[in-house]
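K.L.:
give me a 3D structure for the following:
(chains A, B, C and D)
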Protein chains: 2
Amino acid sequence: MREQKLGTHDCIQLVPIFKQLTAIELQQVSAIVHEHVYEKGATLFNAGDEADQLTIIAAGQAKVYQLAANGREQLLYLLQSGDFDGEAALFNPVARTSYAEALVPTQVCSIQRSDFQALLAKAQQLALGILNEFGKRISQLEGKATSVTTSSIGGRLADYLVETAASFPAQTMFTLPLQKKEIAVYLGTTPETISRKLNEFQTAGWLKKGRGNQIAILDADQLVLQE
Amino acid sequence: MREQKLGTHDCIQLVPIFKQLTAIELQQVSAIVHEHVYEKGATLFNAGDEADQLTIIAAGQAKVYQLAANGREQLLYLLQSGDFDGEAALFNPVARTSYAEALVPTQVCSIQRSDFQALLAKAQQLALGILNEFGKRISQLEGKATSVTTSSIGGRLADYLVETAASFPAQTMFTLPLQKKEIAVYLGTTPETISRKLNEFQTAGWLKKGRGNQIAILDADQLVLQE
DNA sequence: TTATACGCTTGATCCAAATCAAGTTTACTT
DNA sequence: AAGTAAACTTGATTTGGATCAAGCGTATAA
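P.N.:
All right, here's what the predicted structure looks like:
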């Protein structure tokens, strides 16, 4: 797992849009990075704030929520070290519709829009690298939008589990990084349904539940196929 | 309705990422545009193809489908003149998961990734403009992703109707550009449900059904609010 | 260790929408 | 204009998942 503390350089290189920078460019970006540590439970940013910075998690964990029209909160992302949020804010000053909360003491690196725009005007290659990364992001989001209408809750849960398990050795027990309630909200369902589906999956022999929030995926292929 | 044929310059300016180009930049982009005419029923691109170009509909109509895991086809977009598809492909070579078919003789403008990347390397300002547009797109898509899980079929149908009606004068009868079956697939539901929902909406006095596939929106506000 | 709260599970019920099954209308063909 | 096929509507039934309501486990704090 990603739990160690990251230095400024490491931070930057973990952000896909900065991944392919040369040493010189990396230096340029480093120069405009700010570092900050948040306590557990602290708010990294709030809905309604003007979004004007990119936030990179150097160490710790944070959750990003969006408030839906019906007043419900929808979990958008779980950020871990190396994850980041708000890269769109580097290009457009928009009001945030989401807010983020630190789950544990969390250190972040941030970059201000004004600093970044000034840098972009100088660094040609940087802009190109970022464009390419944005292309990827858009494709991903488009894909996600369709999958929601096509597949069932069971299917979406299976996808989520397999995806999450990918960072652990195959067939071993691991602790789900989110509570059932949060997984539920993330997948657009309820904790009760998550509970029942996990039982179904266990009965089918596709996974094994442990104590706490632990599970082991036994047959990822069958799980995803739901057969 | 948008039915007239569009020139190369007009085409380009309709694509959001090119909207704010200067005359010089517009000229540069125009230089790498290809034009092509497809017969009714012709395939613009196929699932499995390498996506390597941006396609802009200059005149005509085309449907874009995606094949879901269960083998069903999901209508993604109905493209009309000025609409476009595949701008993400300008930045990353990915395999297409969707395919498009011309409904009527259709003229398209297209831009190849290789040409576009070469242009980007030369035109500094162009890259910055596109970056800003991408920032917006990502925000939009994130919003859409949440709305799908939160709102009901009725709500999504209402949104679709009002959006579609936007290109017609208020309160007048117009023909829906898609069959019920297709609207259903597009919204992730069934023709029967569309039929029933339209009746409900009519009973509520929010719209009026005519013969064929005609409807008139009477109260768009109430319709969207579903109250 | 015991208290207390929070999260998880399980059961019972309810509801929106899918599915199945005829009919009916509309549009296309000759 | 008649015949045919496709699209649409309507009704009956089923179902996946939400909601409501307890009860059960597990973790943090006194």
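K.L.:
is stretch A:7-15 in proximity to chain B?
P.N.:
No: judged by C-beta under 8 Å from any C-beta of the partner chain, stretch A:7-15 makes no contact with chain B; its nearest approach is 14.4 Å. (C-beta placed from N, C-alpha, C; glycine too.)
K.L.:
and that stretch, what's its mean pLDDT?
P.N.:
Averaged over stretch A:7-15, pLDDT sits at 72.
K.L.:
so A:Gly155 sits against A:Leu223, correct?
P.N.:
No: A:Gly155 is beyond contact range of A:Leu223, at 9.7 Å (criterion: C-beta atoms under 8 Å).
K.L.:
neighbour-wise, which of these two wins?
P.N.:
A:Leu223 (23 against 19; other C-beta atoms under 10 Å in any protein chain shown).
K.L.:
for the residue in chain A that chain B sits nearest to, helix, strand, or coil?
P.N.:
In chain A, no residue comes nearer to chain B than A:Gly135, which is 2.8 Å away by C-beta to the nearest C-beta. State at A:Gly135, reduced to three classes by DSSP: H, G, I helix; E, B strand; the rest coil: helix.
K.L.:
domain map for chain A?
P.N.:
Chain A is divided into the following domains under automatic domain parsing: A:8-139, A:151-225.
K.L.:
out of the ones you listed, deepest packed?
P.N.:
With neighbours taken as mean count of other C-beta atoms under 10 Å in any protein chain shown, the domains of chain A reach their highest mean count in domain A:8-139, at a mean of 18.
K.L.:
briefly note if it comes near DNA strand C.
P.N.:
No: using C-beta under 7 Å from any atom of the strand, domain A:8-139 stays clear of DNA strand C, coming no nearer than 11.6 Å.
K.L.:
run through the bridge partners of A:Gln214.
P.N.:
A:Gln214 forms beta bridges with A:Thr175, as assigned by DSSP bridges.
K.L.:
using TSV, lay out the domains of chain A together with distance to DNA strand D.
P.N.:
Converted to TSV, the domains of chain A look like this (distance: least, C-beta to the nearest atom of the strand, whole Å):
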stretch	distance to DNA strand D
domain A:8-139	9
domain A:151-225	3
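K.L.:
state the next helix or strand along the chain beyond the least confident helix or strand in chain A by mean pLDDT.
P.N.:
Within chain A, confidence by mean pLDDT, DSSP states H and E is lowest for strand A:73-80 among all helices and strands, at a mean of 67. Downstream of strand A:73-80, the first helix or strand assigned by DSSP states H and E is strand A:84-85.
K.L.:
and stretch A:206-222, C-alpha only, in CSV?
P.N.:
In CSV, the C-alpha atoms belonging to stretch A:206-222 read as follows (Å, rounded to 0.1, in the frame of the first residue of the first chain):
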residue,chain,number,x,y,z
TRP,A,206,-16.3,-16.1,-5.7
LEU,A,207,-15.0,-14.4,-2.5
LYS,A,208,-14.5,-15.0,1.2
LYS,A,209,-15.5,-12.6,3.9
GLY,A,210,-13.3,-12.2,7.0
ARG,A,211,-13.7,-10.2,10.2
GLY,A,212,-14.0,-6.5,10.1
ASN,A,213,-14.1,-5.2,6.6
GLN,A,214,-11.8,-7.9,5.1
ILE,A,215,-12.4,-9.9,2.1
ALA,A,216,-10.4,-12.2,-0.3
ILE,A,217,-11.3,-12.5,-3.9
LEU,A,218,-11.3,-16.1,-4.9
ASP,A,219,-12.4,-16.0,-8.5
ALA,A,220,-12.2,-12.5,-10.0
ASP,A,221,-13.3,-13.7,-13.5
GLN,A,222,-16.5,-15.4,-12.4
